[in-house]
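Student: need a structure here:
(2 chains)
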Amino acid sequence: MTMQTLPDSSGSDHAEPGRRFAGVGVSPGRVIGSILLMPQAVSEPAAGERLAEGISPEEASADLRAAAKAVQADLTERSIGASGTGREVLEATALMANDPMLITAAVKLITNGASAQRAIWDAAASVAEMLHNLGGYMAERAMDVLDVRRRIVAELRGVAAPGIPYSDMPFILVSEDLAPADTATLDPAKVLALVTSSGGPQSHTAIIARSLGLPAVVAAVGVDGLANGTEVFVDGAAGTVLVDPGADEAALAAAWEATSAALAVFDGTGRLADGHLVPLLSNVGGAQDAVNAAAAGAQGVGLLRTEFCFLERDAEPTLDEQVDAYRGVFDAFPGKKVVIRTLDAGADKPLPFLTDASEPNPALGVRGYRTDFTSPGVLVRQLQAIARAADGSEADVWVMAPMISTAEEAEHFAGLCTTAGLPTTGVMVEVPSAALTAASILEHVDFVSLGTNDLTQYAMAADRQLGPLAALNTPWQPAVLQLIRLTVAGSRDEGHDKPVGVCGEAAADPALAVVLVGLGVSTLSMTARALAAVAAVLGSVTLPEAQQLAALALTAHSAADARRIVRDKLPILDQLGL
Amino acid sequence: MSERTAVIASRVGLHARPAGIFVAAVGALPLEVTIAMAGEPADDAMDASSILSIMSLGASNGDTVVLRADGDGADEALDSLVKILETDLDAE
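Tutor: Take a look at the predicted model:
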């Protein structure tokens, strides 16, 4: 990962032709397009702001009503283009924007002398508080009221609405960083590439970009100083953004368009040039994902993230709901392996019925398997649901727990699985202590799966979401590779060569996939989009070559060196634009 | 003043999608319609065209609510709204 310092990143709004921004490439692809900037967050109007001189309460109220109507019309228009849950949320939010209760309360404040912006700000705060106090589903809707408030204030100020810009033409989205809520409203048909000035390789921006197959560059300092409409060339493999591209870049973008079509095809068997088999599986979040992954040739599911079936739920899903959700995934892979992970709630994936949002350090808190300490019963019921879904299914169902730190925890989890009647049990290795004690852990379970995203953030003590730590937060760090090597060694020491898989983002990086196989990892699981690219690069090396590259990466001086040394020895990457 | 009672049929109660559909239907009427939980005084009734009011009402599946409206066509209008409330909108 190159993190070069820019010669000049003073944030001028005028793009100089040929100006180049260096960031971190997190999702390959080369495209040219016009940029749209994510609007600035809407700031709070000054406390106690009064009506401006010469503006009557009637005029201010009329302005507010007009702004509310405009926001409602905008959200309604957008809802027509949306589908599913996105559409329902937009429809309900549109109704809130012009809600009589909200507007009447704001007008009352204006009559008492408040400015229109301050009035809607305070009126919405009261409504949000009331909803929040009702708890559960209503408390979640409080966020929608606050979103509406920001939109109305933006409208009153005459600035762009917050959130992902809306455009008829495809564009390159430039922002400081994207939050999970932003990415949920991102339309992949309209966005050509993602570029952020902050954020790291494990940030949500990066994960979403890879799953949507969008080229992406993160931590490109200064790029958010460009003006809307600036034409740029984005290289998601090299991690560069070039202003006012020329003929060379146009040729590269055209070549990518041609190769990316070829890279979308995976023949369904992962193997090295010498025939050594490396099953390539897919990470999925539900039945629809699983169907797509099967269509993309995935040899099974290496990670079913069950929490994604139940995000935004305020109550534990019922047994029947769980059985249906899991069965949908199993049915997409008859005769194939499906590794299902028990609820990994906490940190950046809160589930209101399991996690405590007020923890000071959520990444180090009660998350993953640990929620069994504070909410006993949920895990046991989930295992029962998995067993019922597996019963009569043709899939080969494996179960694993996230955030295991000790052999004792692994033993306890294996016991719960046995009681539930689940025969193949494993754990995630994402806490460094688990990597260091892999041999003891594997005495109790049948397999382990490395979660490289969390393993990296814990090994490097670097928050995944923080842009300034992007260079630390890469699985190319030799320390992370050492932990992976130790996990494989632990499996050998245990004596039964139990499988060690990788289901983190690292598996989706074709160059790193070669290193992982060289380190002795037996299966790789990734977003379905990455299968073909990883298969193509694995097919270009033999096992001894992969082992040699792994040895070089392990002893590299830095993550950047490890990546450069390995990439230099894999010419196929450049040929394919990966 | 016309008045009707309705039993909430949607499994999630009168919020989320069912609330949105109901409020949109009220908004399309040329009348002012109020809604209250059965047994609550008419003075505490809420504006039925406000999704925020409807949500704060907190009507669950099986709860009885009272709709009230004045003016021409109030009876027909309330009948149509009762029909919406007594359908499981979440199942559709």
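Student: When you work out contacts or count neighbours from here on, use the C-alpha atoms and nothing else.
Tutor: Noted.
Student: Distance from the chain centre to stretch A:361-379, please.
Tutor: 21 Å (CA atoms, centre = their mean, to the nearest Å).
Student: Rounded mean pLDDT for that stretch, please.
Tutor: Average pLDDT, stretch A:361-379: 91.
Student: try stretch A:425-433
Tutor: 98.
Student: B:L29 touches B:A77, doesn't it?
Tutor: Yes. Here B:L29 reaches B:A77: they are 7.4 Å apart, a contact under CA atoms under 8 Å.
Student: quick one, which of those two is more surrounded?
Tutor: Using other CA atoms under 10 Å in any protein chain shown, the more surrounded residue of B:L29 and B:A77 is B:A77, with 18 against 14.
Student: how close does the more buried one sit to B:G13?
Tutor: To B:G13, B:A77 is 21 Å away according to CA to CA, to the nearest Å.
Student: try A:R118
Tutor: Separation of A:R118 from B:G13 (CA to CA): 33 Å.
Student: do B:E40 as well
Tutor: Distance of B:E40 to B:G13, computed by CA to CA: 18 Å.
Student: And for A:L486?
Tutor: The gap separating A:L486 from B:G13 is 53 Å, by CA to CA.
Student: A:A332 too?
Tutor: Applying CA to CA, the value for A:A332 to B:G13 is 33 Å.
Student: just A:A479 next, same as before
Tutor: Computed as CA to CA, the A:A479 to B:G13 distance reads 53 Å.
Student: Compare these two and say which is more crowded by neighbours.
Tutor: Remark: of A:A479 and B:G13, B:G13 carries more neighbours, 22 against 18, as counted by other CA under 10 Å.
Student: so what's the more buried one scoring on pLDDT?
Tutor: Listed pLDDT for B:G13 reads 83.
Student: Might you enumerate the residues of chain B proximal to chain A?
Tutor: With CA under 8 Å from any CA of the partner chain as the criterion, chain B meets chain A at residues B:A16, B:R17, B:G20, B:A24, B:D47, B:S49, B:S50, B:I51, B:L52, B:S53, B:M55, B:S56.
Student: so the fifth one makes contact with B:M55?
Tutor: No. The pair B:D47 and B:M55 fails to qualify as a contact (CA under 8 Å) at a distance of 11.2 Å.
Student: So what does residue 55 have for phi and psi?
Tutor: No chain specified, so I'll use chain A. In terms of degrees, to the nearest 10, the main-chain angles of A:I55 are phi -110, psi 120.
Student: and it, how far is that from A:A114?
Tutor: Per CA to CA, A:I55 is found 11 Å from A:A114.
Student: who has more neighbours, these two?
Tutor: Shown here are A:I55 and A:A114; by other CA under 10 Å, A:A114 has more neighbours (23 against 10).
Student: where does the stretch 251-400 of chain A dip in pLDDT?
Tutor: Within the stretch 251-400 of chain A, the ranges that satisfy pLDDT under 70 run A:312.
Student: could you pull out the strands for it?
Tutor: Assigned by DSSP state E, counting those that start in this stretch, the stretch 251-400 of chain A shows strands spanning A:280-284, A:300-305, A:337-341, A:396-401.
Student: Save the ones you listed as TSV, and put in mean neighbour count and distance to chain B too.
Tutor: Shown next, in TSV, are those (neighbours: other CA atoms under 10 Å in any protein chain shown; distance: least, CA to the nearest CA, whole Å):
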stretch	mean neighbour count	distance to chain B
strand A:280-284	29	26
strand A:300-305	27	25
strand A:337-341	24	28
strand A:396-401	23	31
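Student: Mind putting those into JSON lines with distance to A:G501?
Tutor: Shown next, in JSON lines, are the strands of the stretch 251-400 of chain A (distance: least, CA to CA, whole Å):
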{"stretch": "strand A:280-284", "distance to A:G501": "10"}
{"stretch": "strand A:300-305", "distance to A:G501": "8"}
{"stretch": "strand A:337-341", "distance to A:G501": "11"}
{"stretch": "strand A:396-401", "distance to A:G501": "12"}
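Student: For A:A560, give me the pLDDT.
Tutor: Per-residue pLDDT puts A:A560 at 93.
Student: what's downstream of the host helix or strand of it, the next helix or strand?
Tutor: Assigned by DSSP states H and E, A:A560 belongs to helix A:559-568. Per DSSP H and E, helix A:559-568 leads on to helix A:572-576 as the next helix or strand towards the C-terminus.
Student: Now tell me what touches that following helix from outside.
Tutor: Residues from elsewhere that reach helix A:572-576 (CA atoms under 8 Å, 6 or more residues apart in numbering or on different chains): A:W256, A:T259, A:A511, A:V537, A:S540, A:R567.
Student: likewise stretch A:339-347?
Tutor: Outside stretch A:339-347, the residues that touch it by CA under 8 Å, 6+ apart are A:301-307, A:351, A:354-356, A:362-363, A:365-369, A:371, A:379, A:382-383, A:397-403.
Student: how near is A:A128 to chain B?
Tutor: In this view, A:A128 and chain B are 9 Å apart by CA to the nearest CA, to the nearest Å.
Student: Low-confidence ranges, chain B, go.
Tutor: In chain B, residues with pLDDT under 70: B:90-92.
Student: Report how many residues lie close to the residue in it that chain A sits nearest to.
Tutor: Minimum separation of chain B from chain A (CA to the nearest CA) falls at B:S50, amounting to 5.2 Å. When neighbours are counted by other CA under 10 Å, B:S50 registers 26.
Student: A:D568 now?
Tutor: Neighbours around A:D568, by other CA under 10 Å: 12.
Student: quick one: contacts for the residue of the stretch 101-250 of chain A found nearest chain B?
Tutor: Nearest to chain B, among the residues of the stretch 101-250 of chain A, is A:M101, at 6.0 Å (CA to the nearest CA). Listed by CA under 8 Å, 6+ apart, the contact set of A:M101 reads B:D47, B:S50, B:L52, B:S53.
Student: Let's see that with 10 Å instead.
Tutor: By CA atoms under 10 Å, 6 or more residues apart in numbering or on different chains, the residues touching A:M101 are A:A123, A:A124, A:V127, B:M46, B:D47, B:A48, B:S49, B:S50, B:I51, B:L52, B:S53, B:I54.
Student: List just the nearest of those residues to A:G48.
Tutor: The closest of those to A:G48 turns out to be A:A123 (CA to CA; 12.9 Å).
Student: For the nearest residue to that closest one once chain neighbours are set aside, what are phi and psi?
Tutor: Of all residues not flanking A:A123 in the chain, A:A106 sits nearest, at 5.2 Å (CA to CA, 6 or more residues apart in numbering or on different chains). Dihedral angles phi and psi of A:A106 (degrees, to the nearest 10) take the values phi -70, psi -40.
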